[in-house]
Each structure stands twice: as C-alpha cells, then as structure tokens.
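Undergrad: Okay, sequence plus prediction incoming.
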Amino acid sequence: MAMDKTFNAAEAEPRLYQAWEEAGAFRAGANASRDESFCVMIPPPNVTGALHVGHAFNNTLQDILVRWHRMRGFDTLWQPGQDHAGIATQLQVEKMLAAQGDPGRRELGREKFLEKVWEWKGQYGGTIVEQLKRLGCSCDWDRNAFTMAGAPGDPRTGHEQSPNFHDAVIRVFVDMYRKGYIYRGKRLVNWDPHFETAISDLEVENVEVAGHMWHFKYPLAGGATYEYLEKDEDGNVVFRETRDYISIATTRPETMLGDGAVAVHPSDERYAPIVGQLCEIPVGPKEHRRLIPIITDDYPDPDFGSGAVKITGAHDFNDYQVARRGGIPMYRLMDTRGVMRDDGAPYAEAASVALAVANGERTLGVAEADALNLVPDHLRGLDRFEARAKVVEEITAEGLAVMTRADDPRLGGGAKPAPAPEPGPHAEGTEAPDQVRGAESLVPLVEAKPIMQPFGDRSKVVIEPMLTDQWFVDAEKVVGPALEAVRSGEVKIIPESGEKTYYHWLENIEPWCISRQLWWGHQIPVWYGLDLSVEDFKDDEGDGNLDLVELGRLLNEGGMLHRGDVHHCGASLEEVTDRFLDDNADIPSPLSHATLVEVADKHAAIHRLAESLAHYAVDQDPTHLVYPVWRDPDVLDTWFSSGLWPIGTLGWPEDTEELRRYFPTDVLVTGFDILFFWVARMMMMQLAVVDQVPFHTVYLHQLVRDEKGKKMSKTTGNVIDPLEIVDEFGADALRFTNASMAAIGGVLKLSKERITGYRNFGTKLWNAVRFAEMNEVFNDAVPQLAASELNPQAAVNRWIIGETAQVREEVDAALASYRFNDAANGLYAFVWGKVCDWYVELSKPLLQGDDAAAQAETRATMRWVMDQCLILLHPFMPFITEELWSQTGNRAKMLVHGDWPAHGTDLIDPEAEAEMTWVIAVIENTRSARSQMRVPAGLYVPMLVTQIDAAGQAAWDRNEALIRRLARIDSLSRVEALPKGTISISAPGASFGMPLADIIDIGAERERLEKSLGKLGKELGGLRGRLGNPKFVDSAPEEVVEETRANLAAREEEERKIKEALARLAEIA
RNA sequence: GGGCGAUUGGCUCAGUGGUAGAGCACUCCGUUCACAUCGGAGGGGUCACUGGUUCGAAUCCAGUAUCGCCCA
C-alpha cells in the first residue's frame, strides 16, 4: 500500500491517542525495564481552566521528559490532576446559576450550593484533561487527582481513583497547627469587597490608573504654630512661613478617618519642631475632631510631596508596618463589602476613646481598636468612593485644602476646582461650586497623577487592604529547610537566576494567609466554643455548683457574649471533643458535665446554651445540658492544598507503594510567576510535613507571548488558541515549536511562521520515510538489525551510522540538562540537514544501482537510520512518529514504548567521516561553481583532475557514482594541466576543473575567484597574525595552536589553487 | 526607588574565552524519478556603547545608554 504524500494529523491524532490509552501505554511503570523511577507532577491546572498556550508549552516540556524516560525504561509516572480553584469555581457556578435563573448562592445555602459545585465539576471539570490529550500528553489519566477529592459531598466524577486529598489537607493543617506553624490572628490582608474574602497577592493585579493626590492641612492642636523653613542644597533658606498646620498628601482621603498618626522622616528638619505634638484630622464633626500624634519613622520620603505621611494602619500596607513599629492604633473603617462601617457605638463615643488613646491616657488592644468605629455618623453606610467625595468636599469647604494657582501644572490639564473622586462603581459628578478660572484665583491642590491601584483579578473591583481575623502559616518557622535545600544544591532551580529570586523572597517572607471566606474549599478543621472559664465569675456558695442566680449572671453579665472564644484543632469533631471537655472540667458543675454538640455558628451556640440552661433551671436534670461548639466557616487557600500536591497525589498520609516508589519526585516544570506562590510553598510544606524535598529540580520558564513579545490578552486580541493551532498544523508542529523555543530562561514568542516551519519539518520526515518505503527499505526481507550488527561496507552507510550515534548523544545531553531547544534543533539539523539532504540523496545510486550487496546493506542501514529518527523524535513529535512506525513493517511494540538507543560514539568511523566530508565538499564546490557560472542545472559535464592525493583518489573511486549523480558529472579524466577556460574547483588534496570554455564567462569566473581570494585573505591574516604572536604560541593550549596551524595550511593550499586558476584565466584574457 | 535580566544579520533567536550560527524572510536558478509544506546556489552582522582583564573577548569585569520583568 502506497503511503500518502503527507501526514493527516486531524485523522491520525485521535486514533493514535486512543490506541495508546487502550494499550495502557501511559500507566505508571509502563515499559519499565530498570529500577530507577522518574516522576513528574503536573502543575495542576484550575478545574475551571481551558488550555492556553502557556499550558501547551509547559506540558509539552513535561511530556518530552516523560516520554524520553519511559522509552529509556525508567519506572515512569506523570501524575495529572486539577486544583479546585476556590474563587474561580465559585464564581463560575454562581454565574451558571444566574444564567439559568436558579436561586443564587446565598439563597441555596452552603450545603446545597456545594452540591451544585460538585455537579458543575462533574460536568465541566474534565475540559482541560481532554485538551491535554489533544496535545499528546502521556499522563497516567487513571490516576487523575483533584485537590478536593474526598471532601464531603464528593461524588467522584472525573477523579475516580484520586487519593483522598481532603484527608491529606486536613491532616497537614492539624499537624502544622500542633507544631505551632499555624496561628490565627488579625493582620492586614488583601480583601476583595466583591467576593468578601481575603485573596492572595497572586490574585491581585496592580494596574496604573489616572488618580489624584489631594493635599490637606492637619491643624496643630491648640492652635500651636512653628516656623516652616525650606532650604536649598547649600542650606540657604528659600522659603519661610509661620504655620499652624502640617501638610499631608493622600490618594485616598476617605481613609483619613482611620488615621492613627502623622509620620515624618527623622532627618526632616522642616518638621523637627513639631515632632511629638498632636495635630487634628480635619474631617468629622468639629466638636469631636480627633487628635493624632506627629511621629518619626524611616518610611516617609522627605522629597516626596510634603514629606509628611498620614498613617492609616488598617487600610494601607506601608502604614501597617509603620503603625506596628510605632504602636499606633489601627482603626478599621469599612465592612466586608467596602462600605463605611455602620456598627458599634456612635461616633462621639468612639472618638472620645480614640482621643484618650492619642493623649496617652489609655491603650487599646488590637481587638479593641478594631471594635471602634471612627466613621462619623453621617458617613456611615456610604460606599468607600462616596465617602471619599464627601470627605474631600467637607475639608475643602472648611478651607483646609492646600490651595494653589489655577495654572499650577501639577493640576494636570485644565484646573478643576474639585475633581471627581477615583473611578468607582458609585463615582458621582462633583458638587463643587463654580469658580473663576483665572490664573490668579486659588484652587485646591489636587494633583492629577497616575497611581497604581490593586484590582481583584476575578472581581475587577478595587482591593481593600483590610484588617481581619485570618489563619496564617508562620512562614518564618518553616522557611529554613526550604532555603537550605536550595543552598545546599539538594534542589536545583533552572535557570540559576531563579535561585536568587527564591532566596530573596524566602529571606523576607511574610506570614502566609491561608484562610478564605468562601464555601468551595477545604473547611478549616477548627471548632470554637464559648469561653466559660470566666475569671471574675463567683460561685457564691463555693460549692462548685451553679444555682439559678449564678446561671443568670453567667449568661447576662458573665461576659459570655463578649469574651473571646476558645478553639481546638483536630481532624474531626471527635478529635476535639475531649479537649473541649477538658477545658470545661474546671468550671462549676453542672456545666462541667455538659454534653458537646455541634451547631452552625456562635449565635446558634449562645442560643442553644441559653436554652439548655433554661431547661436545666426547670428540670434540674444535668444530663440534658449541652456545650455547643461550631466549626470555623472559612476554607483554606487553594494554594495550601496544592502545596501538598506531591505527597497528596501519591496517597499520603497512607503509606502507599506509589509514595515509596515515586517520592521525592524528580522535576517540576512550571512558570516563573508561581515560584513564590507554589514552588516555595511546596518546598516549605513537604519539608515541614514529611521532612523531604518534593523534587530535586525545578525548571522555570517564562510566560508565552505573541510573536512581538506582547502578553496575550483578550483585550489586545492577540490570543493564540493552542487547539486552533493543533487543528491547523497538528499537535506535533506546536510541540516541536515549543521545544525549539525552550532555551533556558528564554523569552517565549510564539509565531505562526515558526509553527508552519516545523509542520513542514514533519512533512519532510514523512517523505523521507516514504522514499525509503518506496525503495523497499521496510520490506520484510530487509533485516532489522542493531547498530552493531549492520557493519556496512559503503562509507556513506558507515558515515550516517556515526552521525546518528552523535546526534543521539547530543539529544541525551541536551535533555539531561533541560536544553530542550538544543535537543530539538539538533534533531532538526540531523534529520533534515544530514539524513534528508545527504544520506537519502547519496543512497539513491546505491539503492537504485545494480550492486546487490550495496543495495542490501544500504536498505538495512536506511531502515535502521529511519527507525532511529522516529525513536529520537518521538518525545517531541509523538503522533507522526508513531504513525510512521506503524506504517513501516511489523513492530513488536508501539513506538511509545520503543527502546531508546544507548549506542555510543564508538559507532563513529573517523575514516568514513573524513571520506564523506571530502565527497560532500567536492559536490558542494562543484555545485557552487556551476551555479555561479550559470551552467544549466541538468547538464552533465566532464570533470578534469590535475592533482589528487591518494586519499582523495580512493574516496573518488569508492563514491564515484554518488559524486557523479549529485554534482552532475559525466566523466573524470586525469590531465597534466587544465586547459584555458576551465572552471576551477578545489577540494582538500585535489584540484579539479570543468572545461567549459565555450559556455563560461571569463569575467564572471575571475570575479568568483577574486571574491573567494578576498575572503581567504581575511582569514589568512587572522591566522598568520595569531601564529606570528609568540605569546599565543606559548600560552594557548597545544590543541588550539595545532588546530590553527592546520587551518592555516589548508587555507594556504586553497589560496595557491585559486591563484593558479586566476593565472590561467589571465592567459586567455 | 530596590532587585533580576536583556541588547548578536531584515525578523525571531541560539551561542560560558579560540575570531559568529540557525530558522524565517530576501535574491537567482530549478518542477521526470521521496517531498514545491520542495531542491540547488547566494547576499547579508565592526555581536548596543566606552573602558579594563587576557596571547586572544559576542563570551569575563566596570561603567554608560536603551528596553523588559518582578517588588515597592
């Protein structure tokens, strides 16, 4: 059956993939023939994800490594899976419910909503798996894992065999909690007011937007004044003014309400006289203006703005640090929706407490400060952007805005009396009064300037730094081993620059916020109970029993509603029950004997306890008393669970065979951007939990960009869909392009031109095999031999065997050091440049000639060579190679399990190599001369030789048919001297000529020769210069000097021949 | 502002001390015998700049310029 002219990827790819899967070709350990294992964990894509070019690139590299190891007989596992992507999935499902007109998340309630999520996961969660298959990824899909596997409600669709990840996550949390690595605390976190949850830095996009910088006066307390001086570089006073205020610049006026201080740099002489004094926040009811201290801190930049910075510890990350250093109270201003707080005591009351703090009359604990609502009554309940407009308006109306001339360039464009506040959902037009626009009139100084603003990458709303109670991993406690593992070289990061980044980040690590206020995720395994160990509670009778009066007091006054809760961490309620009961053992009976029950939340707990006590009051039956506890409603950050990916997917905490065989795993291939978010955390967690590194090598790559180096984005419209590429060019072309781009640390620019080129490469390979097939190379009669059994006579066959051995070594070396581009480019150059361009061409006279022995050995050799091409290319282009493998004779195994060659450079035959190098030089030089002399391409011409050394003569004799065919020569004659009008052709050790006096152009020939001479002259100059330098001969390595000498000799011979040829031309001219 | 990196032919990029390569594009020639998704032959770079180290620098060092990424 004749082969098609091209490979039909669209038809073959699904068929081949199915065949691999049916044969179980990708199962862990398939084709294993040795003890060593090789394991790659897929960086789990989001379960909501769809394949993009980044996935395609990343997974191509993994597949190359995996297929390469599998073919070499390693016990190989490529572990696939997806992560549950808390926010993204929850959002997706909410959207779906809305689109279907179904009840929303809150209406459904947690349990019902989670059922919907599981349904959604079952239906759509496998999308990316199917897409990875189209790329040819050889994952062990039977083991497909999911970071929520085993969680309550899991119907096990799409991850049927996944280890119970939920157990692993909960176990790790409990374990790390008990080791003291996890704590609960109030810290500043990125808060998404839309989803009402903390989010990670990774989920925050900092975008430059047009913003404003307002300048306001904070009056000094009690009308105090000071001399404000500005000096130039030489210390001369250039500005002097008596001021009763300090000037502050801010991009977020609404946060002024929560200011705890004004800070200036300790070296700033301008403000030295007033450091330590109090100043007034110029907003809020006049009679309750809050006073805050002027402090020093290194954070303010004296050259930026006025040099003074307001400190709002609860709403700004920099201010938070200053506040912590300076013991400045942090006042939270907003609720979870980014709306100005409307809870707690009236403003007057709160402000007086804050004033007492500012005056040093009292201090506040973190929780107490947080409970204080310092939003003036009339601003309560406003959106943060509405509040901003109000604050600006009020300060300006009171005359406390810094004023400037209307033509001040800082105002940007036309001066606006009171610019609109930041763009926000509720940004309204300005209500500022019209003012005269003359340059002389004064307007508030509101600079128009670009500011970096954080947005939630899913919600697209402005992220609010928010002081909230969250769970944290005390990263400082677990960072040590993770740093040491890389420093010691136990774990290697490629490229090396990644190691620097890794150190820099880990050495400055911050606590890691792991709680999220979502429903979809691993619920935190912590239960809370009411704190009954009331210190000031008095058991009147001292009899250890509560009477009704005492119970009443406990409920109403005992602080049960106001005191903190107690909590315990454990894998299940059963695990924490005893701990709660132990806590309660000391409190008066009958409460000490209460039975523990679980309720929904704290409100329910209080209600339930009260109810229980009321019953007790009536029936005095202590057996009905209950102690209600409730579980933390928050879930864990998705990164916390995917941090356990290496051990979790292998079945930890069970002591599984997979864990023993494949852990620690080998290589992690992932994007540079998640070095911190994932790689570092996996290192920390695996080391903290099982005291082993998760992998020995981390291969980091860049973002895949478009052909111009731009990030792909929907807005720019430059997104390349990898599946469209697969449809158009085939998966192999995309894969080969990915590999050839993958220089270590390289920028990745994907262009269709390049993909087309590698699709063409596939066609080239296809047709080379097709040629072989047409020449009966794959007939059953042709033996399938090992390299060592071939022993061909013809130099061309011996030569190509050596070339193949060499490229195999190059490919192995390149892959071993993750130089995918070198491996791919080496194979491209070999298959196209050596096999197709030369070996196939040179073989034609032998295959089609009448020397049966030569024909037979050439067939056998070509069969071997073609097989080697398919084997070596298989990890890069699995589909086309597998198809060719199946079309070329009976095979014991599919190529996916083909045996990767181990033949060495002992197959290189230096004599054959030298001979073929000479033959190729003769052919190329002849073709070049013919082409430049415009000898018709098809015309067979005679060749003369005047001088040829023994090696040359032997090479000619043995390869005459090849040379004649490829150089189009019809005869070779020995002559004493070349006749006039001969085109000169040289080869090492020989001088040839083509006597074409009647058709050549003397001038053109002279031009050709002189050009060659010119080039040679440059080279000769360099070579002679070097060898003429005694220092070079003395200090350069022997072999370099030798090489240079040999090179010079060869060039001199060439120069001599060209000069002779020019002399001959001169005779006829 | 801090950190990391880049600058090589028209384009995209390799190249860790021995005098510069690839692919694409371009020019010319060629469709009878694997392939026009092809073959043959060519042109094209003072390796960003300035100094230094070295017998020798695209490569190592210092500085300058421009650009990019990350963090603030």
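TA: Right, received. Where do you want to start? Numbers count the residues shown, from 1 in each chain, chains lettered A, B, ... in the order given.
Undergrad: Only C-alpha atoms from now on, for both contacts and neighbour counts.
TA: Fine.
Undergrad: burial measure for A:Tyr320, as a count.
TA: A:Tyr320 is flanked by 22 other residues according to other Cα atoms under 10 Å.
Undergrad: Output the contacting helices and strands for the host helix or strand of it.
TA: Element membership for A:Tyr320 (DSSP states H and E) is helix A:317-326. Counting contacts by 3 or more Cα pairs under 8 Å, 6 or more residues apart in numbering; DSSP states H and E, helix A:317-326 is packed against strand A:308-311.
Undergrad: sorry, back to before: can you name every helix or strand that the very next helix or strand once past the helix holding A:Tyr320 contacts?
TA: Next along the chain after helix A:317-326, taking DSSP H and E as the criterion, comes helix A:347-358. Here helix A:347-358 touches strand A:291-296, going by 3+ Cα pairs under 8 Å, 6+ apart.
Undergrad: Confirm that A:Leu978 sits in a helix.
TA: No: applying DSSP: H, G, I helix; E, B strand; the rest coil, one finds A:Leu978 to be coil, outside a helix.
Undergrad: residues in contact with it?
TA: Counting by Cα atoms under 8 Å, 6 or more residues apart in numbering, A:Leu978 makes contact with A:944-946, A:993, A:995.
Undergrad: For PyMOL, write a command that selects the buried ones of those residues.
TA: Selecting the buried subset of these in PyMOL, with 16 or more other Cα atoms under 10 Å as the burial test, is done by:
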select buried, chain A and resi 944+945+993+995
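Undergrad: Among the contacts of A:Leu978, which pair sits farthest apart?
TA: Farthest pair in those (Cα to Cα) is A:Thr946 and A:Pro995. Separation: 12.2 Å.
Undergrad: Can you show me the strands along the stretch 701-850 of chain A?
TA: In the stretch 701-850 of chain A, the segments counted as strands under DSSP state E, counting those that start in this stretch are A:704-705, A:748-749.
Undergrad: pretty sure A:Trp519 contacts A:Leu114?
TA: Yes: in this structure A:Trp519 lies within contact range of A:Leu114 using Cα atoms under 8 Å: 7.4 Å.
Undergrad: In the helix or strand that contains A:Ala610, which residues are buried?
TA: For A:Ala610, the host element (DSSP H and E) is helix A:602-619. Buried positions in helix A:602-619, judged by neighbour count with 16+ other Cα under 10 Å: A:602, A:605-606, A:608-610, A:612-614, A:616.
Undergrad: now stretch A:759-775
TA: In stretch A:759-775, counting by 16+ other Cα under 10 Å, buried: A:759, A:761-773.
Undergrad: circling back to that earlier point, ok, the contacts of A:Leu978 vs RNA strand B, which is closest?
TA: If you rank the contacts of A:Leu978 by distance to RNA strand B using Cα to the nearest atom of the strand, A:Gly993 comes first, at 15.9 Å.
Undergrad: show me the contacts for that closest one.
TA: A:Gly993 sits next to A:943-945, A:978, A:982-985 when contact means Cα under 8 Å, 6+ apart.
Undergrad: what about it, helix or strand, and which?
TA: strand A:990-995.
Undergrad: A:Leu596 now?
TA: strand A:595-599.
Undergrad: now do A:Ala914
TA: helix A:910-932.
Undergrad: Rounded mean pLDDT for that helix, please.
TA: For helix A:910-932, mean pLDDT rounds to 91.
Undergrad: Let me see the mean pLDDT of the helix holding A:Tyr320.
TA: Across helix A:317-326, the average pLDDT comes to 85.
Undergrad: Other residues contacting that helix?
TA: Identification of contacts with helix A:317-326 by Cα under 8 Å, 6+ apart yields A:188, A:260, A:297, A:299, A:311-314, A:328-330, A:465.
Undergrad: Among these, which pair sits farthest apart?
TA: Across the contacts of helix A:317-326, no pair lies farther apart than A:Asp297 and A:Pro465, at 20.9 Å, counting by Cα to Cα.
Undergrad: Of those two, which one has the most company?
TA: More crowded of A:Asp297 and A:Pro465, by other Cα under 10 Å: A:Pro465, with 22 against 17.
Undergrad: and for the helix or strand in which that one is found, what are the contacting residues?
TA: A:Pro465 is part of strand A:464-473 when elements are defined by DSSP H and E. Residues outside strand A:464-473 that contact it (Cα under 8 Å, 6+ apart) are A:181-193, A:314-317, A:332, A:338, A:511-516.
Undergrad: so does the helix or strand containing A:Trp956 get close to RNA strand B?
TA: Assigned by DSSP H and E, A:Trp956 belongs to helix A:950-967. No: figure legend: helix A:950-967 not in contact with RNA strand B (Cα under 7 Å from any atom of the strand); closest approach 8.7 Å.
Undergrad: Close to RNA strand B: what parts of the stretch 701-850 of chain A are there?
TA: Residues of the stretch 701-850 of chain A lying close to RNA strand B (Cα under 7 Å from any atom of the strand) are A:707-709, A:741, A:743-749, A:753-754, A:757, A:759-765, A:767-771, A:774, A:821-822, A:825, A:832, A:836-837, A:840-841.
Undergrad: Determine how far stretch A:293-312 lies from the middle of the whole chain.
TA: Offset of stretch A:293-312 from its chain centre (Cα atoms, centre = their mean, to the nearest Å): 37 Å.
Undergrad: how near is A:Glu753 to A:Asp706?
TA: A:Glu753 is 12 Å from A:Asp706, where distance means Cα to Cα, to the nearest Å.
Undergrad: Please apply the same query to A:Phe580.
TA: For A:Phe580, the distance to A:Asp706 equals 58 Å [Cα to Cα].
Undergrad: element containing A:Arg1006?
TA: Counting by DSSP H and E, A:Arg1006 is found in helix A:1002-1028.
Undergrad: Give me the helices and strands touching that helix, please.
TA: Judged by 3+ Cα pairs under 8 Å, 6+ apart, helix A:1002-1028 is in contact with helix A:1030-1035, helix A:1038-1068.
Undergrad: anything in that helix near RNA strand B?
TA: Yes: using Cα under 7 Å from any atom of the strand, we find that helix A:1002-1028 touches RNA strand B at A:1019, A:1022, A:1026.
Undergrad: avg pLDDT for stretch A:255-269?
TA: When pLDDT is averaged over stretch A:255-269, the result is 86.
Undergrad: does the residue in the stretch 501-650 of chain A positioned nearest to RNA strand B sit in a helix or strand, and which one?
TA: Of all residues in the stretch 501-650 of chain A, A:Thr501 sits closest to RNA strand B, at 6.4 Å by Cα to the nearest atom of the strand. Here A:Thr501, judged by DSSP H and E, is contained in helix A:497-507.
Undergrad: which residues sit against the following helix or strand past that helix?
TA: Past helix A:497-507, further along toward the C-terminus, the next helix or strand under DSSP H and E is strand A:512-513. Applying Cα under 8 Å, 6+ apart, the contact partners of strand A:512-513 are A:189, A:200, A:470-475, A:637.
Undergrad: is strand A:512-513 anywhere near RNA strand B?
TA: No: residues of strand A:512-513 are not located near RNA strand B by Cα under 7 Å from any atom of the strand, the shortest gap being 12.9 Å.
Undergrad: any idea how far that strand is from the chain center?
TA: 20 Å.
Undergrad: now it: mean pLDDT?
TA: Strand A:512-513 comes out at a mean pLDDT of 88.
Undergrad: Which residue does the stretch 601-750 of chain A have closest to RNA strand B?
TA: A:Gly746 (3.8 Å).
Undergrad: so what's A:Val446 bridging to?
TA: Beta-bridge partners for A:Val446, by DSSP bridges, are A:Trp214.
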